[in-house]
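**Student:** Here is a sequence with its predicted model. Questions after.
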Amino acid sequence: MPKKVDHDERRRHIAEAVLRIAGRHGLDRATLRDIAVEAGISLGAVQHYFRSKEELLRHVIGYTGEQVTARIVAGLGDLGAAVSERSFLQVMIAEMLPLDARRRAERRVLQAFAARAVDAPHLTEPLKEGYLWLHDQVAELIGRSQRAGELRPELDAERESITLLAMVEGLAFDILLGVRDPDQAMASVRYHLDRLAVR
């Protein structure tokens with residue numbers, strides 16, 4: 001009797017192979033064949049699930065988002081029952097920065113996808129949707145922090161969300177280039193949140 005394949009598990013396995021390659025070398029020159037070798041499966045098996053590298057990257061971006069969300073939830077659990085909105089915001093930002101090998105690999109996949117999307121409008125849309133969703137989440141967190149008396153009430157939550165996400169992108173690039181280390185990046189995040197706090 002043939003072995004039953006768990007398709008979700010196989011897609012997860014392939015996504016993890018992509019992240020390992022990204023963490024070591026980036027993805028610019030990695031082919032579907034390279035990814036198949038890394039995953040320990042045939043090229044045909046990879047192509048069964050993903051017809052192109054762009055389709056695979058799109059899946060890995062979604063998979064990465066799920067992993068980041070799970071880590072944010074776990075991080076909040078580590079903080080205990082009384083989690084402030086500001087703490088939630090800081091945990092979220094920490095998961096978006098390449099502070100360790102895993103998050104560095106995730107960031108490199110995102111950059112590879114973004115580089116392809118610049119010249120491919122059909123790939124731009126998922127990135128834009130993801131960014132707008134994230135912007136709304138951060139703006140909502142800032143608004144809740146204001147209502148909880150943690151952040152200054154006169155702040156424009158929408159503009160602060162744009163500023164904060166732009167800072168995260170800049171710090172992520174700094175970390176990847178070695179301009180700043182993860183501790184310095186998180187110190188900058190805390191410094192910025194302190195400036196927004198009620199005094």
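**Tutor:** Sure thing, it's come through.
**Student:** all contacts plus neighbour counts: C-alpha atoms, from now on.
**Tutor:** Noted.
**Student:** Pull the distance from the worst-scoring helix or strand of the chain on mean pLDDT to the chain's centre.
**Tutor:** Of all helical and strand segments in the chain, the minimum by mean pLDDT, DSSP states H and E falls on helix 53-79, at a mean of 83. Here helix 53-79 is found 6 Å from its chain centre; the criterion is Cα atoms, centre = their mean, to the nearest Å.
**Student:** which other helices and strands contact it?
**Tutor:** The contact analysis (3 or more Cα pairs under 8 Å, 6 or more residues apart in numbering; DSSP states H and E) places helix 53-79 against helix 7-25, helix 85-96, helix 101-117.
**Student:** Select, out of those helices, the one closest to G143.
**Tutor:** With Cα to Cα as the criterion, G143 lies closest to helix 85-96 of these, at 9.2 Å.
**Student:** Show me which residues of the closest one are buried.
**Tutor:** 85-96 (16 or more other Cα atoms under 10 Å).
**Student:** how about D156, phi and psi?
**Tutor:** Main-chain dihedrals, D156, degrees, to the nearest 10: phi -90, psi 110.
**Student:** Let me know how buried it is, in neighbour terms.
**Tutor:** 12 (other Cα atoms under 10 Å).
**Student:** Likewise for E154?
**Tutor:** Neighbours of E154 (other Cα under 10 Å): 8.
**Student:** same thing with W133?
**Tutor:** So W133, with other Cα under 10 Å, has 12 neighbours.
**Student:** The helix or strand where it lies: how far from the chain's middle?
**Tutor:** Secondary-structure assignment from DSSP states H and E places W133 in helix 121-147. Centre-to-centre, helix 121-147 and its host chain are 12 Å apart (Cα atoms, centre = their mean).
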